[in-house]
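Trainee: The following block contains a protein sequence and its predicted model.
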Amino acid sequence: MSEQSSFVLDDFASFKIRALRWAQQFEYNLCLDNHFQLSPYQETEFLLAVDALNLLSLKEEDNQFDLFNAFQEKAKSSIFGYFSYDLKNELERLESNNPDQLNLASCFFFEPRYLLTFKDGKCTINRSTLEALNILDQINSFKDDSPTDAKLSIVWKSRVAKESYIENVKNIKQDIEEGTVYELNYCRELYAENVKLSAVGSFLQINEQAKAPFSAFLKMGNQYALSFSPERFVQLKGDRLLSQPIKGTIKKTNDVLQNEQLKIQLLNDEKERAENVMIVDLVRNDFARSAVTGSVKVEELFGIYEFENIIQMISTVSAVKRPELSALEALKNAYPMGSMTGAPKIKAMQLIDRYEVSKRGLYSGTIGYMRPNGDFDFSVVIRTLIYNATSGYLSFHVGGAITYDSDPEKEWEETEIKAKSILQFLG
């Protein structure tokens, strides 16, 4: 086991902010900030992986999961990064033919030089006491004058006009009526050009207000991902697999009593319950490919959770992984997250490529980490800003689950509301 040192922090919240700003002097870093404090499934509150001892960045290569596996097996410590949505093409006979303006790696992981873990008011650093004290001193004395983007003049454009989006929803409903799919997750890209953004400043500003369950900040040279995801994709701890799909969201108010009524309203919403059950069944089916017979269980159905700005319906599905199956195989068997595709999954992904006009890339993929023993925890990449500081291109996807009962006009309005829930913090 590598050396590590732990310290009690007097000001836990401000030290995390200073640590993330300190990390920006390095070319690569990933912060995972958990705001799902009531969940019994969380191991840490905040992880900060800094600087790359070893790096895996793939785009055009074949067999990327195999290359990832070789990289992970050689790593001496935990690795951090993401799998893009388009790696689905390695798992099934699928294609991604839409334009890609972001040009990110499709698989990106690094083994960090420094790993800071925060929990219960303590910071643990993967260094001897003397080295760790030096890092603490660097962070405490770090001066960063980069601004927080209080109000930016960003002109957002949609890759899909409202009329086209509504027409596509009508066509998807026709597909559903014909039995081609039961549900389809249909998304559109919002983008802006020539943007000058303080990536870390913007992340800290939005993170403080949104307090999303699975916030993440990733720096890859001049490319950034600012993720405010509410959803866990899949976790493996020992032999136990866990997924927490979300279908059902309602915006909170400032009135406590009204919020209690909204919880009841969400719990009893037949459309939201039907969507939630459909995705739970899809996750159960995905887990069955990896699980000991009879071990797939719905730990919680229609759990209602209240966060900083929203109330969500979250279900929890678990399973016991078969001992002969590797951690990576278990992840691949569930990939990508069913809540971002629809059902049946393969047909839904084929239709997604037909109806959408932008390549999803990192959006709808997964971001997180894998331990040397194979344990991992990954979130679904949604409510995520992708930024290229060199070109000034800023991108954000929104979407929703289209079902038989969907109202095309309301589906468009839902994407507008989802976009505003994050973009309002950027002005």
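Mentor: On my side now, so go ahead.
Trainee: residue ranges of the strands in the stretch 151-300 of the chain, please?
Mentor: 157-158, 183-192, 214-220, 223-229, 232-237, 240-244, 246-251, 297-306 (DSSP state E, counting those that start in this stretch).
Trainee: hey, least reliable of these by pLDDT?
Mentor: Of all the strands of the stretch 151-300 of the chain, the minimum mean pLDDT falls on strand 246-251 (a mean of 86).
Trainee: quick revisit: out of the strands of the stretch 151-300 of the chain, the one nearest residue 123 is which?
Mentor: strand 214-220 (17.3 Å; CB to CB). All C-beta atoms are positioned from the backbone trio N, CA, C, and that covers glycine.
Trainee: helices or strands next to that closest one in the packing?
Mentor: With contacts defined as 3 or more CB pairs under 8 Å, 6 or more residues apart in numbering; DSSP states H and E, the packing partners of strand 214-220 are strand 28-34, helix 199-210, strand 223-229, strand 376-380.
Trainee: ok so, going back, Throw the strands of the stretch 151-300 of the chain into CSV and include distance to residue 337, thanks.
Mentor: Shown next, in CSV, are those (distance: least, CB to CB, whole Å):
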stretch, distance to residue 337
strand 157-158, 24
strand 183-192, 9
strand 214-220, 12
strand 223-229, 11
strand 232-237, 5
strand 240-244, 8
strand 246-251, 10
strand 297-306, 17
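Trainee: So for residue 124, which of these sits nearest?
Mentor: Among the strands of the stretch 151-300 of the chain, strand 232-237 sits nearest to residue 124 (CB to CB), with 18.2 Å.
Trainee: picking that back up, deepest of the helices and strands packed on strand 214-220, which one?
Mentor: Of all these, strand 376-380 has the most neighbours on average by mean count of other CB atoms under 10 Å, namely a mean of 26.
Trainee: for that one, packing partners?
Mentor: Secondary-structure packing of strand 376-380 (3+ CB pairs under 8 Å, 6+ apart): strand 214-220, strand 223-229, strand 232-237, helix 327-333, strand 366-370.
Trainee: Pull the residues that contact that strand.
Mentor: 43, 83, 214, 216, 227, 229, 231-237, 327, 331, 337, 339-340, 364, 366-370 (CB atoms under 8 Å, 6 or more residues apart in numbering).
Trainee: Now which of the residues you listed would you call buried?
Mentor: 83, 214, 216, 227, 229, 231-236, 327, 331, 337, 339-340, 364, 366-370 (16 or more other CB atoms under 10 Å).
Trainee: and residue 21, which of the three is it?
Mentor: helix (DSSP: H, G, I helix; E, B strand; the rest coil).
Trainee: I figured it hits residue 198, correct?
Mentor: No. Residue 21 lies out of contact with residue 198 (CB atoms under 8 Å); the separation is 10.4 Å.
Trainee: Partner strands of the helix-or-strand element of the chain with minimal mean pLDDT, with direction?
Mentor: The weakest-scoring helix or strand in the chain, judged by mean pLDDT, DSSP states H and E, is strand 246-251 (a mean of 86). The strands beside strand 246-251 in its sheet (DSSP bridges) come out as strand 310-320 (antiparallel).
Trainee: now the strand it pairs with against strand 297-306, angle please.
Mentor: 160 degrees (axes from the mean of the first three to the mean of the last three CA atoms, to 10 degrees).
Trainee: what angle separates strand 310-320 from strand 240-244?
Mentor: Here the directions of strand 310-320 and strand 240-244 differ by 160 degrees (the same axes, to 10 degrees).
Trainee: Strand 310-320 versus helix 199-210: what angle between them?
Mentor: Using the same axes, to 10 degrees: strand 310-320 against helix 199-210 is 100 degrees.
Trainee: Not counting residues beside it along the chain, what's closest to residue 49?
Mentor: Spatial nearest neighbour of residue 49, chain neighbours left out: residue 112 (3.7 Å); criterion: CB to CB, 6 or more residues apart in numbering.
Trainee: correction: residue 338
Mentor: Nearest non-adjacent residue to residue 338 (CB to CB, 6+ apart): residue 282, at 3.7 Å.
Trainee: Also residue 209?
Mentor: Closest residue in space to residue 209, ignoring its immediate chain neighbours: residue 425 at 5.6 Å, by CB to CB, 6+ apart.
Trainee: Check residue 228 too.
Mentor: Per CB to CB, 6+ apart, closest to residue 228 is residue 212, 3.9 Å.
Trainee: That neighbour touches residue 226, doesn't it?
Mentor: No. Using CB under 8 Å, residue 212 is not in contact with residue 226, being 10.6 Å away.
Trainee: So for residue 230, what's the pLDDT?
Mentor: 89.
Trainee: Not counting sequence-adjacent ones, nearest residue to it?
Mentor: Counting by CB to CB, 6+ apart, residue 230 lies nearest to residue 213, which is 5.0 Å off, once chain neighbours are set aside.
Trainee: Tell me which of the strands of the stretch 151-300 of the chain approaches residue 98 most closely.
Mentor: Residue 98 lies closest, by CB to CB, to one member of the strands of the stretch 151-300 of the chain: strand 183-192, at 9.5 Å.
Trainee: Just the CA atoms of that closest one, as CSV, please.
Mentor: C-alpha atoms of strand 183-192 as CSV (Å, rounded to 0.1, in the frame of the first residue of the first chain):
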residue,chain,number,x,y,z
GLU,A,183,-39.0,5.0,-25.0
LEU,A,184,-36.3,7.2,-26.6
ASN,A,185,-33.9,9.7,-25.0
TYR,A,186,-33.8,12.6,-27.6
CYS,A,187,-31.3,15.4,-27.1
ARG,A,188,-30.1,18.6,-28.7
GLU,A,189,-26.9,20.6,-28.4
LEU,A,190,-26.7,24.3,-27.3
TYR,A,191,-23.4,25.9,-28.2
ALA,A,192,-21.6,29.3,-28.2
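Trainee: and that strand, what does it pack onto?
Mentor: Applying 3+ CB pairs under 8 Å, 6+ apart, we find strand 183-192 packed against strand 157-158, helix 162-177, helix 270-288, strand 342-343, helix 345-355, strand 393-402, helix 408-423.
Trainee: and that strand, which residues are buried?
Mentor: Of the residues in strand 183-192, those buried (16+ other CB under 10 Å) are 183-192.
Trainee: How many residues are close by residue 213?
Mentor: 26 (other CB atoms under 10 Å).
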